[in-house]
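A.B. asks: I'd like to go over a predicted model; first the sequence, then the structure.
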Amino acid sequence: MPHAHGHQQAALDPNLATDRGMWALKISLAGLLVTAILQVVIVAVSGSVALLADTIHNFSDALTAIPLGLAFWLSRRARNPRYTYGYGRAEDLAGVIIVLMIAFSAFEAIRQSILRFITPEPITNLGWVAVAAIIGFFGNEMVALFRIRVGKEIGSAALIADGYHARTDGFTSLAVLAGAIGVWLGYPILDPLIGLGIGIAILGIVWKTAQDMWHRMMDAVEPELYETFKHTASHVNGVMDVHSAALRWVGHRLWGEMHVTVNCKLSVLEGHRIIEEVRHTLFHNFPALVEVTVHADPCECDKTIEYHPTAHHQYLAAVD
């Protein structure tokens, strides 16, 4: 069984993590469709234009599962001479698309709120509108919690972003509910005011998810994950030092590399066995790790030997 390491509790088999992501998409998409269908029924009964707009919005936003599902499907494809790291980056690109859609939702909510300040629109069938808005909120929030949880389990920033996208849809349903309550209380001004506040709140979600996707696209990892990566290798028997380590996410999988220092008096076979033990230990302790390259450096105990004759080619300083 894989060890637990925060949000990289993915299965040792990359395909199992991908399958779990696809499963989460299918289940949550079904939940969103049920929510939207219930809203359609209430729209048919109530004839509410405001609710119809919210229902259409929920239907269209549920379609973000398509690019993410396609990305998960692509990630199953084997590496080849052109895509030497595989197709996992498609998942991060899908996450960027989702962030853009969340941003669109935020600006649309703000735009609609401003328009309602200028030209107020009457809301009818308040009871039905309130019921449908509550259904929309709870349906989207349950999907959001589910996608975010599974996204953290398999290390998928894109699936987490899609979870936050579902949460923004729940917020728009709350805006519809607030408008209905405002009209019922005799304060229709509450509708655009709360809608404006929700639009601003969604911008906060945009900022957070955009940061996460920026980190993924720039090959950033959590500093504590990086330190654990080095620490784990340094405790393998025969390893004297760990340096020039690097780690990055490609989709929901980790790729890594490092240099380890071993005793220069060891044979090539003995040094190779230490390297293999380092790789084995890293794979065992990092379930999301799909590949790691480990280079052995000899200790520099003999001052008369030039151990790094090509050191001038190292144009980038090591992280550590």
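C.D. replies: On my side now, so go ahead. Predicted, not measured: the structure shown is a model, and the values here were computed from it.

A.B. asks: buried ones in stretch 164-179?
C.D. replies: 164-179 (16 or more other CB atoms under 10 Å). Placement of C-beta: from N, CA and C, glycine included.

A.B. asks: quick one: which of these sit in helices?
C.D. replies: Per DSSP state H, helices hold the following members of the buried residues of stretch 164-179: 164-179.

A.B. asks: Scan the chain for its longest helix.
C.D. replies: Longest helix of the chain, by residue count under DSSP H: helix 14-46.

A.B. asks: pLDDT averaged over it, what's the number?
C.D. replies: Averaging pLDDT along helix 14-46 gives 81.

A.B. asks: other SSEs contacting it?
C.D. replies: Helices and strands touching helix 14-46, by 3 or more CB pairs under 8 Å, 6 or more residues apart in numbering; DSSP states H and E, are helix 49-62, helix 65-75, helix 126-154, helix 157-185.

A.B. asks: Just the CA trace of the helix or strand containing H280, in CSV.
C.D. replies: Secondary structure assignment for H280, by DSSP states H and E: helix 268-285. C-alpha atoms of helix 268-285 as CSV (Å, rounded to 0.1, in the frame of the first residue of the first chain):
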residue,chain,number,x,y,z
VAL,A,268,30.6,0.4,-10.6
LEU,A,269,28.3,-2.5,-9.6
GLU,A,270,28.3,-1.5,-5.9
GLY,A,271,27.6,2.1,-6.8
HIS,A,272,24.8,1.0,-9.1
ARG,A,273,23.2,-1.0,-6.4
ILE,A,274,23.1,2.0,-4.1
ILE,A,275,21.5,4.1,-6.9
GLU,A,276,18.9,1.4,-7.4
GLU,A,277,18.1,1.4,-3.7
VAL,A,278,17.7,5.2,-3.8
ARG,A,279,15.2,4.8,-6.7
HIS,A,280,13.4,2.0,-4.9
THR,A,281,13.1,4.0,-1.7
LEU,A,282,11.9,7.1,-3.5
PHE,A,283,9.2,5.2,-5.5
HIS,A,284,8.0,3.5,-2.3
ASN,A,285,7.8,6.8,-0.3
